[in-house]
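Colleague: test case, fold it:
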Amino acid sequence: MHHPIKGPFDGRPLIFSLAVAAILLAAANLRGGIVVVGPLVEDIKQGLGLNASVFSMLTTLPLICFGVISAIVPALTRRVTPPILVLGALLVIALGAGLRVVPVLFVILCGTLALGCGIALLNVLIPGLVKGYFPRQTGIMTGLYSVTLSFGAGLGTYLAIPMRDAFADWRAPMLLWALLPLICLLPWLYLLRVHVHTYQPKRTGVPLWKNPLAWAITGYMGLQSTCFYSLATWLPLMLFDAGLDDHYAGTLTSLINLFAIPANLLTPIVAARMRDQRLLVLAIAALAITSLTGLLLAPALAPLLWVGLIGISGGAALSLVLTLFALRSENTTQAMSLSAMAQSVGYLIAATGPFVIGALYDLNKSWLIPLLLLLLLQLAQGALGVVAGRPGTLTSWGEGKT
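Modeller: Numbers count the residues shown, from 1 in each chain. Coordinates of the predicted model:
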C-alpha cells in the first residue's frame, strides 16, 4: 500500500535526520544485551553452576517479557507519548543490563526481566513510529531499522569473547549493554521538544484476533523468532561440539548478523514494491532449510556457508514480517496494533525455543533432534508466510475478501 500522505518531518531536514538517528540508535539496543550470553555459555554455566536448561532462561525470560509487555503497548501509547515511552524503555534496558553483571542468579534473572521489558516496549513502538514519522519511506526505514538491529546483535556476539579475555571476566561484555542505551537517549531528549502529530488513537476498525491474515503474520513472526533465538543461544555450542574452538564458534555466530545486514536492507525495499510477497517467502524458506540441513549433516564441513545462509534467511524473514506490519495495515493505529499482536503472541511462542532446544540437548547430548525440530518449524513458517504474503490488507481480509 502506497502512502501519498506527508510525513511530520517533510521539509524539515535537520529534524528529519535527527528522527532517523533516534530510531536507529534505539534499534541498536534491541538484541545485543540478550544474544551476548550465547558465546559466554560455558563461562556463565561454570561461574554460576547452571545446566543447559537453567542457562536458557537468560534468553527465554526476555522473550516471555516481549510476549506479555507487547500486548499492553497500544494502551500505553494512548496515555503516554511514544518519545517518553522510548526514553523510559532505554533507561529500563540500561538498568536490566547493569543488574546482569551481579554474580547472583536471582539478581541476574531480575535484570533479565527488566531488559526484556524495556526491549519489548521498543519492539512494538518502533514499527509504529516508522509508519507515523516516515510514511513515504516505510520500506527504506524498515530496512535501516532491521540492519541496525542485526548490527547490534552482531556486535553483542562478536565482542563477547574478546572483551571477556581483555578484562579476564565474563561480565565485562555484559556491562557494555548497560552503557549503550544511556548514549542513545540523547536524540530522544531533543525530540521531546518537537511537536509531532502522527497518532490516531482510534480503534483499528478490524477485530485482529478473529482475522486470519493477522494470525498468519503472527505465526510467521513467532516461528522466525523461535529459530533466531534458538540458534543465537545454542549455535556456539553446536559448533564447539562439532570440533571448532570457542573463539571461532563465537565469531561464526556473530557473522549471522553480518550476513543478515544486506537481507535486512533489501528485503523491505523489494517487498514494498511487490503486491504479492509469496515468492519472497519461498526463497527465504529454501535458504533456511538448506542451512539447517547442513548443520545437521556436516556442521564442520562448511560452517561459514551454513552461518551465511542462516544470516541471510533470518535477516530476510525478520525484515519481511516488520514490513508486513505496514503493508497489510491501513493506518498507524492498525500497524501498531498488528505489531503488538504479532510480537505478543509471536514472542511467547519464541520463548519456548531456547528452553526446548536446551532440554532436548540435555536429554541425550546430541543436536540431532533439536535440529530436526528447527527444520519442522521452518516448514511451518513457510506455510504461514505463503498466507501472509498474499495481496490484501487486514480490512479486506476481515471483510472476507482474500
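Colleague: from residue 113, how far off is residue 106?
Modeller: Distance of residue 106 to residue 113, computed by C-beta to C-beta, to the nearest Å: 11 Å. Bear in mind the C-beta positions are built from the backbone N, C-alpha and C, glycine included.
Colleague: apologies, that question was intended for residue 55.
Modeller: Distance, residue 55 to residue 113, using C-beta to C-beta: 16 Å.
Colleague: quick one: mean pLDDT for stretch 344-353?
Modeller: In this model, stretch 344-353 has a mean pLDDT of 90.
Colleague: neighbour count: residue 55 and residue 113, which is higher?
Modeller: When residue 55 and residue 113 are compared on other C-beta atoms under 10 Å, the one with more neighbours turns out to be residue 55, at 23 against 17.
Colleague: how many neighbours does the closest residue in space to the more buried one that isn't next to it in sequence have?
Modeller: Nearest non-adjacent residue to residue 55, counting by C-beta to C-beta, 6 or more residues apart in numbering: residue 45, 5.3 Å away. Applying the criterion other C-beta under 10 Å, we find 15 residues in the vicinity of residue 45.
Colleague: now do the contacts for residue 81.
Modeller: Residue 81 is in contact with no residue at all, counting by C-beta atoms under 8 Å, 6 or more residues apart in numbering.
Colleague: where do the strands sit along the stretch 1-150 of the chain?
Modeller: In the stretch 1-150 of the chain, no strands are found when defined by DSSP state E, counting those that start in this stretch.
Colleague: where does it dip in pLDDT?
Modeller: For the stretch 1-150 of the chain, the stretches with pLDDT under 70 are 1-4.
Colleague: all helices for it, in order.
Modeller: Assigned by DSSP state H, counting those that start in this stretch, the stretch 1-150 of the chain shows helices spanning 13-27, 32-35, 41-48, 52-55, 57-70, 73-77, 82-99, 105-133, 138-167.
Colleague: same question, the stretch 301-402 of the chain
Modeller: Under the criterion DSSP H, counting those that start in this stretch, the stretch 301-402 of the chain carries helices at the ranges 303-327, 332-364, 368-388, 394-398.
Colleague: got TSV for those, with mean neighbour count too?
Modeller: TSV is the format used below for these (neighbours: other C-beta atoms under 10 Å):
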stretch	mean neighbour count
helix 303-327	25
helix 332-364	23
helix 368-388	19
helix 394-398	19
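Colleague: these: lowest mean pLDDT?
Modeller: Set side by side, those differ in mean pLDDT, and helix 394-398 is lowest with a mean of 80.
Colleague: and the contacts of that helix?
Modeller: By C-beta under 8 Å, 6+ apart, the surrounding residues in contact with helix 394-398 are 204-208, 210-214, 328-330, 334, 338, 402.
Colleague: and those residues, which are buried?
Modeller: Of all the contacts of helix 394-398 considered here, the ones buried according to neighbour count by 16 or more other C-beta atoms under 10 Å are 204, 206, 208, 211, 213, 214, 328, 329, 334, 338.
Colleague: closest to residue 180 out of those residues?
Modeller: residue 338 (28.9 Å; C-beta to C-beta).
Colleague: I figured the closest one hits residue 328, correct?
Modeller: Yes. With contact defined as C-beta atoms under 8 Å, residue 338 counts as touching residue 328 (6.8 Å).
Colleague: one step back: so which of the helices of the stretch 301-402 of the chain gets nearest residue 38?
Modeller: With C-beta to C-beta as the measure, helix 332-364 is the member of those nearest residue 38 (9.5 Å).
Colleague: packing partners for that closest one?
Modeller: Contact analysis of helix 332-364 by 3 or more C-beta pairs under 8 Å, 6 or more residues apart in numbering; DSSP states H and E lists helix 52-55, helix 57-70, helix 73-77, helix 105-133, helix 212-241, helix 303-327, helix 368-388 as its packing neighbours.
Colleague: swap the cut-off to 10 Å and go again
Modeller: In terms of contacts (3 or more C-beta pairs under 10 Å, 6 or more residues apart in numbering; DSSP states H and E), helix 332-364 is packed against helix 52-55, helix 57-70, helix 73-77, helix 105-133, helix 212-241, helix 303-327, helix 368-388, helix 394-398.
Colleague: and the helices of the stretch 301-402 of the chain: which comes nearest residue 39?
Modeller: Proximity to residue 39 (C-beta to C-beta) singles out helix 303-327 among these, at 13.3 Å.
Colleague: and the angle from that closest one to helix 368-388?
Modeller: Relative orientation of helix 303-327 versus helix 368-388 (axes from the mean of the first three to the mean of the last three C-alpha atoms, to 10 degrees): 30 degrees.
Colleague: mutual contacts of residue 338 and residue 328, please.
Modeller: Shared contacts of residue 338 and residue 328 (C-beta atoms under 10 Å, 6 or more residues apart in numbering): 211, 213, 214, 217, 394.
Colleague: which residue is the nearest non-sequential neighbour of the second one?
Modeller: The shortest distance from residue 213 to any residue that is not its chain neighbour, by C-beta to C-beta, 6+ apart, is 4.0 Å, and that residue is residue 397.
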